[in-house]
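Visitor: sequence first, predicted model second:
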Amino acid sequence: MQVEIWSDVMCPFCYIGKRNFEAAFEKFTNAKNIEVSWKSFQLDPTLPEKEELDHEQYLIERKGFSKEQVKGMLNHVAQTAKNAGLNYHFDKVITVNSFNAHRLIQMAKTKGLDDAAEEQLFKAYFTDGKDIADKATLTELGKAIGLIEQEVNEALTNEIYAAKVNRDIDEAQQIGVRGVPFFVFDRRYAVSGAQPPEAFTQTLEKAFSEWREKNPEPPFELTEGPSCTPDGHCG
C-alpha cells in the first residue's frame with residue numbers, strides 16, 4: 001500500500017509531521033507492506049536563491065506578521081518540535097528558495113533515498129542553519145545519503161528533475177492540497193498537518209485493512225528467483 005507525503009523542507013510542521021508519522025509507523029505491524037514516498041510542494045516559490053531577509057524579517061515583511069506575533073509563533077513551533085524530539089534554531093535558518101532542494105529529493109527518490117534526503121534537508125535547514133539552495137551544501141547532503149557528486153549535479157542541471165518537482169506541485173493542486181504536510185493513504189484517506197502519532201496509527205490501520213481485503217496475502221511462503229512476466233520483463 002502506498003503512503004504519499006507532500007512536504008516542503010522549509011515547513012517546520014513537515015519535519016514534526018515526519019517524526020510523528022515515524023512514531024506511528026515504527027509500531028505498525030504491517031509496515032513491511034507499506035511503501036512511503038515523498039512529494040514536492042513549495043510554500044513560497046517566489047523566494048530568491050540567495051537570502052535577502054533573515055527568518056524573522058521574512059515572516060514580518062513577506063507574511064505580514066508583527067514582531068511580537070513572530071516571536072510567539074516561533075517559540076510555540078520550537079517547543080512543539082522539541083516535544084517531537086527535534087531541535088529548531090530559527091535564529092540560524094537561512095531563508096531561501098527550496099526548489100533546488102526538491103530537485104535533489106527527486107534524484108534521491110530514483111534511488112529509494114527520498115526519505116533520507118528529506119531527513120538531511122530538514123535537519124540542515126532547521127537545526128544546522130545550512131543553505132539548502134547552495135550547490136556545495138546540496139552536494140554535501142547528497143553524499144551523506146549515498147549519492148555521488150555527479151548525481152547531485154545531474155539533479156540540479158537536468159530539467160527532468162525540475163519537471164518532476166513541478167509535476168508533484170501540480171498534482172497537489174489537483175487533489176486539493178492547500179497546506180503541508182499532507183499525507184495520502186492508498187489514495188483513499190488523507191491526514192493534513194502534523195497530527196499526533198495516534199491519528200496516523202488510526203488512518204494506517206483503516207486504510208491498510210481495506211487495502212488488504214483487495215490484496216490478500218499469497219497462501220504460501222514465496223522464494224523468488226529469475227522469471228519472466230506477461231509485460232515482457234525478464235530478470
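Guide: Thanks, I have the structure now.
Visitor: and the strands in this protein?
Guide: In the chain, the strands defined using DSSP state E lie at 2-7, 35-40, 182-185, 189-192.
Visitor: can you lay out those as TSV showing mean pLDDT?
Guide: Formatted as TSV, the strands of the chain follow (pLDDT from 0 to 100):
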stretch	mean pLDDT
strand 2-7	98
strand 35-40	98
strand 182-185	98
strand 189-192	98
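Visitor: quick one, which of these is nearest to residue 146?
Guide: strand 35-40 (16.1 Å; Cβ to Cβ). No exception for glycine: its C-beta is placed from N, CA and C like everyone else's.
Visitor: so what strands line up beside the closest one?
Guide: strand 2-7 (parallel) (DSSP bridges).
Visitor: check which residues of the partner strand are buried.
Guide: 3-7 (16 or more other Cβ atoms under 10 Å).
Visitor: tell me where the protein has helices.
Guide: Applying DSSP state H to the chain gives helices spanning 12-27, 55-61, 67-83, 99-110, 114-122, 135-144, 149-157, 159-175, 197-214.
Visitor: turn the ones you listed into JSON lines, columns for distance to residue 89.
Guide: As requested, these are exported to JSON lines (distance: least, Cβ to Cβ, whole Å):
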{"stretch": "helix 12-27", "distance to residue 89": "11"}
{"stretch": "helix 55-61", "distance to residue 89": "10"}
{"stretch": "helix 67-83", "distance to residue 89": "8"}
{"stretch": "helix 99-110", "distance to residue 89": "18"}
{"stretch": "helix 114-122", "distance to residue 89": "13"}
{"stretch": "helix 135-144", "distance to residue 89": "16"}
{"stretch": "helix 149-157", "distance to residue 89": "25"}
{"stretch": "helix 159-175", "distance to residue 89": "27"}
{"stretch": "helix 197-214", "distance to residue 89": "24"}
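Visitor: save these as JSON lines, and put in mean neighbour count, distance to residue 129 and mean pLDDT too.
Guide: Output for those, formatted as JSON lines (neighbours: other Cβ atoms under 10 Å; distance: least, Cβ to Cβ, whole Å; pLDDT from 0 to 100):
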{"stretch": "helix 12-27", "mean neighbour count": "20", "distance to residue 129": "14", "mean pLDDT": "98"}
{"stretch": "helix 55-61", "mean neighbour count": "17", "distance to residue 129": "10", "mean pLDDT": "96"}
{"stretch": "helix 67-83", "mean neighbour count": "14", "distance to residue 129": "14", "mean pLDDT": "97"}
{"stretch": "helix 99-110", "mean neighbour count": "25", "distance to residue 129": "15", "mean pLDDT": "98"}
{"stretch": "helix 114-122", "mean neighbour count": "23", "distance to residue 129": "13", "mean pLDDT": "98"}
{"stretch": "helix 135-144", "mean neighbour count": "19", "distance to residue 129": "11", "mean pLDDT": "98"}
{"stretch": "helix 149-157", "mean neighbour count": "17", "distance to residue 129": "20", "mean pLDDT": "98"}
{"stretch": "helix 159-175", "mean neighbour count": "15", "distance to residue 129": "24", "mean pLDDT": "98"}
{"stretch": "helix 197-214", "mean neighbour count": "16", "distance to residue 129": "28", "mean pLDDT": "97"}
